[in-house]
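Q: predicted coordinates and the sequence they were generated for:
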Amino acid sequence: MLQSVIKLVSPYATTVLTGDEANDPNTFQLEYPQIIVQIPWRVEQSRYKLVTTGVYTQQIDLYWNADEMGSLMDMLDKLEILLPHLKLTQYPCEYQADSLVSPQPQVDTTTSTKLIHGIVRADFFITEN
């Protein structure tokens, strides 16, 4: 799932990192706009005789320079349209209706550069085998 989301968002930002890469001092980058694709986490799992299914939450964090708020809002709109149509290469994947969350972007003051931080999060039902 992670690679499919990275492929989906990579045309839209200078830097696209996984959550692990963003937290690693060896791979962390200070180029903006920056998209960080978090490793999906399993919210629910069900096992049946012949199949295992799971509901996974996928979160995408966007960091844009504060003076590019319009560009960030456009990107959030794009992701809100594209993310529910995500297709995986290995497993069947289905967007969970009404699970898309995109709160109002916030000013991020944890860096020397004034940034705007936006989030898009959605749940997906995946048949794992």
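A: Nice, I can see it.

Q: which helix runs longest in this protein?
A: Secondary structure of the chain per DSSP state H: the longest helix is helix 69-82.

Q: helices or strands up against it?
A: strand 52-65, strand 115-127 (3 or more CB pairs under 8 Å, 6 or more residues apart in numbering; DSSP states H and E). (C-beta placed from N, C-alpha, C; glycine too.)

Q: quick one: buried residues of the last one?
A: Across strand 115-127, burial judged by 16 or more other CB atoms under 10 Å covers 115-126.

Q: adjacent strands (with direction) for the lowest-mean-pLDDT helix or strand in the chain?
A: When the helices and strands of the chain are compared on mean pLDDT, DSSP states H and E, strand 41-47 comes out lowest with a mean of 86. Using DSSP bridges, the strands paired with strand 41-47 are strand 52-65 (antiparallel).

Q: tell me how far the partner strand lies from the chain's centre.
A: 4 Å (CA atoms, centre = their mean, to the nearest Å).

Q: equivalent analysis for stretch 48-59, please.
A: That offset, for stretch 48-59, works out to 18 Å (CA atoms, centre = their mean).

Q: now the helices and strands packed on helix 69-82 as JSON lines including mean pLDDT?
A: Conversion of these to JSON lines gives the following (pLDDT from 0 to 100):
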{"stretch": "strand 52-65", "mean pLDDT": "93"}
{"stretch": "strand 115-127", "mean pLDDT": "94"}
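
Q: just to revisit the earlier point, what angle separates the least confident helix or strand of the chain from strand 115-127?
A: Orientation check (axes from the mean of the first three to the mean of the last three CA atoms, to 10 degrees): strand 41-47 against strand 115-127 gives 10 degrees.
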